[in-house]
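Trainee: Fold the following, please.
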Amino acid sequence: MASRLSRCLPFLDWGRTLDRRMLGADLMAGLTGAILVLPQGVAYAFIAGLPPEVGLYTAIVPAVVAALFGSSWHLVSGPTAALSIVLASVVGGLGPLEPSQYLAAALTVTLLVGVIQLAMGLLRLGSLVSFISHTVVIGFTAGAAILIATSQLKHLLGVSVAGGQGFLLDLAALIQKLPETNPYALAIGLISLVTSVLVRRLNRRWPHLLLGLAAGSLACWLLDGEAHGVTLVGALPGTLPPLTLPELSPDSLRTLTSGAFAIALLGLIEAVSIARAIALRSHQVLDGNQEFIGQGLSNIVGGCFSCYASSGSFTRSGANYDAGARTPLAAVFAAALLALILVLAPGITAYLPLPAMAGGILLIAWNLIDFRHIGQLVRASRHEAMILVATIAATLLVALEFAIYIGVLLSLLLYLKRTSRPTVVEVAPRQDHPRRHIRNVRRYGLAQCPQLKILRIDGSLFFGASDHVQRGLRALSPEPGTRVLIIGKGINFIDTAGIEMLLQEIRRLRQQGGDLLISSLKGTVLDELRRRGDLARLGEERCFETPEAAIAAIAPALDPAVCRSCHKRIFNECGPVPSEEDILARQG
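Mentor: Numbering: from 1, shown residues only. Reported below is the predicted structural model:
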């Protein structure tokens, strides 16, 4: 009963271990997190096309729920750049909306995202995230970063450009507006950007975005930017997140569910990837399904409290761990401190200029692009590079939710491509070793028996791999009378298509005077074949526990005339190499 309760309410587990020292460490880490998320929350809401207070609400409510119900000790949830740009794409795809309608649609999407994530967690589908390849995630994030940067250039330049037409058209419209650049806006934005970069290089622990925005605000005041057409963000309402019920009409559910599923998937990928990365440093054992549940609950509750879709933040989670956080209570403290700032200092953004915000967001976008891993992928594999380029192109040229689906499809195709081409390797006993270990023929330069071909299959025999394996078997055993021994250590399962392929090869080899044997299949594979009746179809007499047992069984059936003239002596059963006198005597 206690263990079941701990699984449902994971905060009971770590809550029992709290002491004064841990509370102090978590409080200090929470203070760091609150300072860090203040400019990020405003910036990400700006990317999502929502009022700045909504970004701060999202850094409060979902962060608390995810901390209490997730499995990671250090993951901090809230608004993120990638989810913000995808949400803007999904809601923006509905057409022109009033601000209140836009917010209502965003809250509906958030609730749907939470329901989808919670359902995946309850169904224990946490392992599905592993099917999204790292290459696709890097490519999508890089493409999203380019879109984010492009969307902020109009604010940096102080020009008016109608957005939402697509990456290429938006970029073309922006280029046409370059002669109208507001030099005051550009100067303020660059001051904010340069200050953030310099502060980050001096000390990564300092709140570089906050200091950059402060520098931009100061520059705006000194230059009297408002009088020269520089737009200000304005003051926050100074209220806690209000209870708001999302609209759940059939029309909105039908139009938003597809986009919500894409956001849910991306949010889970972000959260689990970040949690795993930090768990490697903290040596924590994670529960992926519980993390799904925590993220789902955080978005369900957030959708009812004027928050938009949230996920784990790499920046804030890493800073949380580096600041000495001991439990998820650090994220709760950060949210509580942010709520106090929101209520007690709502005018903190009153004199914040949009160009300064754009400068900070450009830095965020730049940091989203993982140049190191992109370089490694391009150098390592042409196929990985093609997938990377295709994912980036899809992110830029099609609706973002569909870009995620394209990424998922590319991941699955990559997985199927790799699994559908199991390696079929020629192996043979090492004649120079007393125990005659079976090794790769090419790697060790081994001689092979002219009558018995030994092949090792490294991969499962399923419908997608059967043709590839069959071509390999036929290419390596074309001579009449050849016996083939398949070593199946690397075979994890054999489906019906794999069985039919093996039966075809058995018939082919027997018609040519040869045969096919199998050894070293895993016990689970044999049990499954026996249960389905496929082992009887293959013939239990063809299956052996070890290659040595199979060789000993097939050796008497080999052509003795070929054996007498063979000097290779591949197997122990071959006996000593015949002398020239013996050969002459047999010939006489």
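
Trainee: What sits closest to residue 262 if chain neighbours are left out?
Mentor: residue 401 (3.7 Å; Cβ to Cβ, 6 or more residues apart in numbering). Where you see a C-beta, it was placed from the backbone N, CA and C, and this is true even at glycine.

Trainee: now the protein, which segments are flagged as low pLDDT?
Mentor: 1-7, 130, 163-164, 575-588 (pLDDT under 70).

Trainee: What helices and strands are in contact with the longest helix along it?
Mentor: The helix spanning the most residues in the chain, taking DSSP state H as the definition, is helix 250-282. Counting contacts by 3 or more Cβ pairs under 8 Å, 6 or more residues apart in numbering; DSSP states H and E, helix 250-282 packs against helix 81-92, helix 99-122, helix 134-157, helix 288-303, strand 311-312, helix 314-322, helix 400-419.

Trainee: can you give me the angle the following helix or strand past the third one makes with helix 134-157?
Mentor: Yep, that's helix 134-157 we're talking about. Of the helices and strands lying after helix 134-157 in sequence (DSSP states H and E), the nearest is helix 167-176. Using axes from the mean of the first three to the mean of the last three Cα atoms, to 10 degrees, the inter-axis angle of helix 167-176 relative to helix 134-157 is 30 degrees.

Trainee: got the buried residues for helix 167-176?
Mentor: 167, 170-171, 174 (16 or more other Cβ atoms under 10 Å).

Trainee: and residue 380, how far is that from residue 374?
Mentor: 11 Å (Cβ to Cβ, to the nearest Å).

Trainee: Next: residue 309.
Mentor: 26 Å.

Trainee: More neighbours: the two, which one.
Mentor: residue 309 (33 against 17; other Cβ atoms under 10 Å).

Trainee: Would you check how far apart that one and residue 90 are?
Mentor: 9 Å.

Trainee: quick one: common contacting residues for those two?
Mentor: 109, 263 (Cβ atoms under 8 Å, 6 or more residues apart in numbering).

Trainee: quick one, strands of the chain?
Mentor: Applying DSSP state E to the chain gives strands spanning 77-78, 311-312, 423-429, 438-440, 452-458, 483-487, 515-519, 543-544.

Trainee: show me what contacts the closest residue to residue 506 other than its chain neighbours?
Mentor: Of all residues not flanking residue 506 in the chain, residue 516 sits nearest, at 4.8 Å (Cβ to Cβ, 6+ apart). With contact set as Cβ under 8 Å, 6+ apart, residue 516 has these partners: 483-486, 502, 505-506, 509, 542.

Trainee: Generate TSV for those, with neighbour count and distance to residue 387 as supplementary columns.
Mentor: Formatted as TSV, the contacts of residue 516 follow (neighbours: other Cβ atoms under 10 Å; distance: Cβ to Cβ, whole Å):
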residue	neighbour count	distance to residue 387
483	22	42
484	21	36
485	25	37
486	26	32
502	23	33
505	19	34
506	20	38
509	21	39
542	19	40
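
Trainee: Next one: the nearest residue to residue 83 once chain neighbours are set aside from residue 266, what distance?
Mentor: Leaving aside its chain neighbours, residue 83 sits nearest to residue 309 (5.0 Å; criterion: Cβ to Cβ, 6+ apart). Distance, residue 309 to residue 266, by Cβ to Cβ: 9 Å.

Trainee: Mutual contacts of those two, please.
Mentor: Joint contacts of residue 309 and residue 266 (Cβ under 8 Å, 6+ apart) are residue 83.

Trainee: Looking at the record's assignment, how would you partition the protein?
Mentor: Under automatic domain parsing, the residue ranges defining each domain of the chain are 20-415, 423-587.

Trainee: Distance to residue 9 added to those, as CSV?
Mentor: Shown next, in CSV, are the domains of the chain (distance: least, Cβ to Cβ, whole Å):
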stretch, distance to residue 9
domain 20-415, 8
domain 423-587, 36
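
Trainee: most packed of the ones you listed?
Mentor: domain 20-415 (a mean of 20; mean count of other Cβ atoms under 10 Å).
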